[in-house]
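sequence first, then the predicted structure, then my questions.
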Amino acid sequence: MQRPCVLISRCLLGVPCRYHGRLYVMGYRIGRPALVERLRKRYTLIDVCPEVDAGLPVPRPPTRIIDGKWICDGRDVTADFRRGAEIALKQAQLHNCKRAYLKARSPSGDSRFGMCGMLLREHGIKVIRS
């Protein structure tokens, strides 16, 4: 029997794809190894990084949400974030994912204000902030 698939933020797997491009931040290793091991036992993991998949570079200046727009270094990157969210949604649909484990406090993944998290939720995918 095939295991169900879930989306997971690539940075939670320990891949240095966040805006700063580092493996360690303030002495802590990026990633969530305990979470990843738990999920691997039950699911097939489909990794996504909406920002990188949309073509944004690593490293890059941090992105802020200002007046409903995603701004990076004074430039409106809302369309890039939308494209990355749509790529993640297509992956979720392709693999029939019902859940997504996305990076909390990310302007892309966070389920409360991140563009990808919001788009996935709009399409019935449960987003878990991790």
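Sure thing, it's come through.

so which strand or helix has residue 45?
Here residue 45, judged by DSSP states H and E, is contained in strand 44-48.

immediately after that strand, which helix or strand?
According to DSSP H and E, the helix or strand after strand 44-48 is helix 50-53.

counting contacts, what elements does that next one pack onto?
helix 78-94 (3 or more C-beta pairs under 8 Å, 6 or more residues apart in numbering; DSSP states H and E). Placement of C-beta: from N, CA and C, glycine included.

who's in contact with the helix it packs on?
7, 46, 48-56, 63, 69-70, 97, 100, 107-108, 115-116, 118-120, 123, 125 (C-beta atoms under 8 Å, 6 or more residues apart in numbering).

now stretch 53-67
Contacts of stretch 53-67 (C-beta under 8 Å, 6+ apart): 16-22, 51-52, 70-73, 77, 80-81, 83-84, 87-88, 107, 113.

just the buried residues of those residues.
Using 16 or more other C-beta atoms under 10 Å as the burial test, those include 16-19, 51-52, 70-72, 77, 80-81, 83-84, 87-88, 107 as buried.

at which residues are the helices of the protein located?
In the chain, the helices defined using DSSP state H lie at 33-42, 50-53, 78-94, 115-122.

would a markdown table of these with mean pLDDT and distance to residue 130 be doable?
Below are the helices of the chain laid out as a markdown table (pLDDT from 0 to 100; distance: least, C-beta to C-beta, whole Å):
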| stretch | mean pLDDT | distance to residue 130 |
| --- | --- | --- |
| helix 33-42 | 90 | 6 |
| helix 50-53 | 94 | 15 |
| helix 78-94 | 96 | 15 |
| helix 115-122 | 94 | 11 |
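
pick the most buried one from those.
Burial of those is given as mean neighbour count (mean count of other C-beta atoms under 10 Å); helix 50-53 ranks first at a mean of 26.

now do the end-to-end distance for stretch 113-130.
By C-alpha to C-alpha, to the nearest Å, the extent of stretch 113-130 from end to end equals 14 Å.

begin at 388 from now on, thanks
In the new count, where the first residue is 388, that last one comes out as stretch 500-517.
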